[in-house]
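Undergrad: here is a sequence with its predicted model. Questions after.
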Amino acid sequence: MTIDVDAEGDKRVVVNRRVPGSQLIRESIVELIEGRRGVTVTLRCDESAALIELRGEVGGNVTIQCAVEWRPILFLYFQKGTDFVNGYHASKKISSNKWANTWMSQDKAVHIYSLKVSHGGDYDCLVKYNDSHEIHKYVIHLSITANFSKPAVTLHPIDDIHWLVTCSSHGGYPSSEIMWNVPESPMVKAVNSSETTDPVTLTINRSSTVFFNCSGGEMKNLSCSVGGVTSDIFSVCEYQTQE
């Protein structure tokens, strides 16, 4: 896809264009500084190019390297949607509007630290070289994950032959179901399952409750797991000695 934009000094230019087979694409070109008016700038997106996939963990760091060529760069802008993240300009210092948790190294790599779930998604890297009026766009997708806590198991004996067991875990991302490592039996039945999202961190909390009929006796070496993290081993239907 090629979009022609007339640069207007330091003015921010936003272009809307509908492309067959896709949704409305909103290209935000940040501060097209060409040194003179009336210059035609071309935004060139190579739609056949593979999407760059990166992964990061909540609380961790990630380094994003745009595919720049070995020739003088006028500017390199890194953004998420229309939000400016960080960047470089050959003739001026960019000190404002940058994400506070980012920095750019001399090799033009953008480093993001203290990652959050909200940092996941598509990023655009916009590069313009000194010897060209084209702006090259590269798309990077960042996937964020968070490990679920070790599942906590709570036993609720109802009477000698009926037990409820709850397995709960928090702080994971993306969502994952709780799996019960218990015998397949009509004596075991899932009765409740819930999922909530932390309004601040956007991580997931999961809980699941299973009903056990103990008429067949004690069940040992049981556990539950979520997101690859497994609880401690537990037993149910242990008959209590009456005093």
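TA: Everything's here; your move.
Undergrad: least confident secondary structure element in this protein?
TA: When each helix and strand of the chain is scored by mean pLDDT, DSSP states H and E, strand 24-29 comes last, with a mean of 31.
Undergrad: burial measure for Lys80, as a count.
TA: 17 (other Cβ atoms under 10 Å). To be clear about C-beta, it is placed using only N, CA and C from the backbone, and glycine gets the same treatment.
Undergrad: that one - nearest residue in space that isn't next to it in sequence?
TA: Tyr123 (5.1 Å; Cβ to Cβ, 6 or more residues apart in numbering).
Undergrad: what sits against that neighbour?
TA: With contact set as Cβ atoms under 8 Å, 6 or more residues apart in numbering, Tyr123 has these partners: Ile64, Phe78, Gln79, Lys80, Val85, Val139, Ile140, His141, Leu142.
Undergrad: ok, now Met104?
TA: Phe78, Asn86, Gly87, Tyr88, Val110, His111.
Undergrad: so what's it bridging to?
TA: With DSSP bridges as the criterion, Met104 is bridged to Val110.
Undergrad: what would the contacts of Met104 look like in TSV with neighbour count, distance to Val188 and pLDDT?
TA: Conversion of the contacts of Met104 to TSV gives the following (neighbours: other Cβ atoms under 10 Å; distance: Cβ to Cβ, whole Å; pLDDT from 0 to 100):
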residue	neighbour count	distance to Val188	pLDDT
Phe78	27	52	91
Asn86	20	53	92
Gly87	22	57	90
Tyr88	18	60	89
Val110	24	50	93
His111	15	49	95
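Undergrad: out of these, who's nearest Thr166?
TA: Distance to Thr166 across the contacts of Met104 (Cβ to Cβ) is lowest for His111, with 41.4 Å.
Undergrad: next, count neighbours for Ser215.
TA: 10.
Undergrad: so is it in a helix, a strand, or just coil?
TA: helix (DSSP: H, G, I helix; E, B strand; the rest coil).
Undergrad: and the pLDDT at it?
TA: Ser215 carries a pLDDT score of 88 in this model.
Undergrad: check the gap between it and Lys189 for me.
TA: Going from Ser215 to Lys189 by Cβ to Cβ, to the nearest Å gives 13 Å.
Undergrad: low-scoring stretches of the protein, by residue?
TA: 1-50, 239-243 (pLDDT under 70).
Undergrad: which parts of it are helices?
TA: Taking DSSP state H as the criterion, the chain contains no helices.
Undergrad: residues in contact with the residue lying closest to Asn61 once chain neighbours are set aside?
TA: Closest residue in space to Asn61, ignoring its immediate chain neighbours: Tyr113 at 4.3 Å, by Cβ to Cβ, 6+ apart. Contact analysis of Tyr113 by Cβ under 8 Å, 6+ apart lists Gly60, Asn61, Asn101, Thr102.
Undergrad: ok, the second one touching Trp103?
TA: No. Counting by Cβ atoms under 8 Å, Asn61 does not reach Trp103; the two are 10.6 Å apart.
Undergrad: find residues that contact each of those two.
TA: Contacts common to Asn61 and Trp103, judged by Cβ under 8 Å, 6+ apart, are His111.
Undergrad: ramachandran angles for the residue nearest to Asn61?
TA: Here is the backbone geometry of Tyr113 (degrees, to the nearest 10): phi -120, psi 170.
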